[in-house]
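# model the structure of this input:
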Amino acid sequence: MSEEKHIPVLFEETLAVLAPERGGSFLDCTFGGGGHSRAILERGAAAGVSLSAMDRDPAALPRAEKFAESFGDRFHFYGFCFSRLDEVKEAPFDGILMDIGVSSFQLDDESRGFSFRKEAFADMRMDTRSGIPAAEFLETASREELVEAIRDFGEEPRWRSVVDAIIAARGTGKLSMTTELAALIESKIGKRPGVKIHPATRSFQGIRIAVNNELGELKSALPKAFSALKVGGVLAVISFHSLEDRIVKRFFNEVCGRPVDRFDSRLQDERICRAELITHKTLRPSESEIAANPRSRSSRLRALKKI
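Now for the predicted structure:
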């Protein structure tokens with residue numbers, strides 16, 4: 001998948017809240033195909049905008065090198081996960097973007113094992129240089145870890161059947177290839193009436209989140225991103241499912257001095273207001289964007305300004 005074919009989600013909405021045409025320095029925590037990064041650099045060219053980008057996927061490095069050729073010293077790249085953004089030397093920033101989750105490049109590269117559409121080794125790691133692949137995780141994880149992955153992260157209603165099937169299949173080789181793993185899950189839970197997605201979709205999502213510690217990375221990165229903002233700086237976060245969005249919403253409420261959730265009984269003077277919301281409700285893609293890019297369907301954008 002080429003950089004030109006990559007379609008960034010909520011493109012105009014993101015640029016509207018970051019406003020690179022006003023100038024300043026920016027951080028893209030999830031470089032991916034570079035779509036958002038390119039737009040920030042190009043729209044802010046007249047104002048001398050600079051941008052640092054991060055991506056833990058080593059496959060992003062060649063794309064970043066091409067960026068460096070085009071944008072020179074206005075662009076810097078860091079090849080590690082965004083939970084380490086406090087190591088980025090160009091801070092503080094006028095705007096920070098986090099586009100959470102698996103990228104189109106990772107999904108479309110069949111060899112990475114994120115999808116079960118074609119047979120591949122079940123790897124699913126965003127950073128293939130560290131951690132263990134999904135196949136090894138499924139063979140060695142405790143039952144509690146599998147329950148967390150399938151029930152909590154995958155939000156699979158029939159999680160017991162999936163977990164039992166995985167444990168029973170250990171040592172048979174059925175957990176090492178994406179198509180066999182998907183077929184195993186489908187054989188145990190079947191297709192639910194009225195549900196269009198493949199029966200293994202939720203389980204694959206949960207396994208991927210567990211293997212990459214995605215929610216832990218997000219919880220660690222958000223306060224670091226806020227600290228790396230200048231006063232008046234904007235933090236924009238695009239999420240793709242409720243687990244991510246819940247973490248972002250709670251953090252935004254916390255720094256904006258609002259109740260974290262409906263169970264937060266703290267008095268107002270116990271809360272510290274350090275930011276103001278730009279988006280009081282999540283921004284969602286338009287029908288035309290969804291039609292052009294179906295993968296944008298579940299995306300949502302939240303943004304705040306540091307005060």
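
# switch to C-alpha atoms for all contacts and neighbour counts from now on
Will do.

# how about the helices in the stretch 151-300 of the chain?
Per DSSP state H, counting those that start in this stretch, the stretch 151-300 of the chain carries helices over the ranges 159-168, 178-189, 201-212, 214-227, 242-255, 287-292.

# so for the first one, what's the average pLDDT?
Put plainly, it is helix 159-168. Averaging pLDDT along helix 159-168 yields 98.

# tell me what angle that helix forms with helix 178-189.
130 degrees (axes from the mean of the first three to the mean of the last three C-alpha atoms, to 10 degrees).

# check which residues of helix 159-168 are buried.
Neighbour-count burial for helix 159-168, counted by 16 or more other C-alpha atoms under 10 Å, picks out 159, 162, 163, 165, 166, 167.

# tell me if I'm right that residue 189 and residue 158 touch.
Yes - with contact defined as C-alpha atoms under 8 Å, residue 189 reaches residue 158; the gap is 6.8 Å.

# returning to what we had before: just the helices of the stretch 151-300 of the chain: most buried one?
Most buried of the helices of the stretch 151-300 of the chain, by mean neighbour count (mean count of other C-alpha atoms under 10 Å): helix 201-212, with a mean of 22.

# can you tell me what sits against that helix?
114-115, 124-126, 131-134, 137, 149-156, 162, 215 (C-alpha atoms under 8 Å, 6 or more residues apart in numbering).

# circling back: adding distance to residue 263, write the helices of the stretch 151-300 of the chain out as JSON lines.
Output for these, formatted as JSON lines (distance: least, C-alpha to C-alpha, whole Å):
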{"stretch": "helix 159-168", "distance to residue 263": "28"}
{"stretch": "helix 178-189", "distance to residue 263": "35"}
{"stretch": "helix 201-212", "distance to residue 263": "27"}
{"stretch": "helix 214-227", "distance to residue 263": "20"}
{"stretch": "helix 242-255", "distance to residue 263": "12"}
{"stretch": "helix 287-292", "distance to residue 263": "34"}
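
# residue 306: which of those helices is closest?
When the helices of the stretch 151-300 of the chain are compared for distance to residue 306 using C-alpha to C-alpha, the nearest one is helix 214-227, at 7.6 Å.
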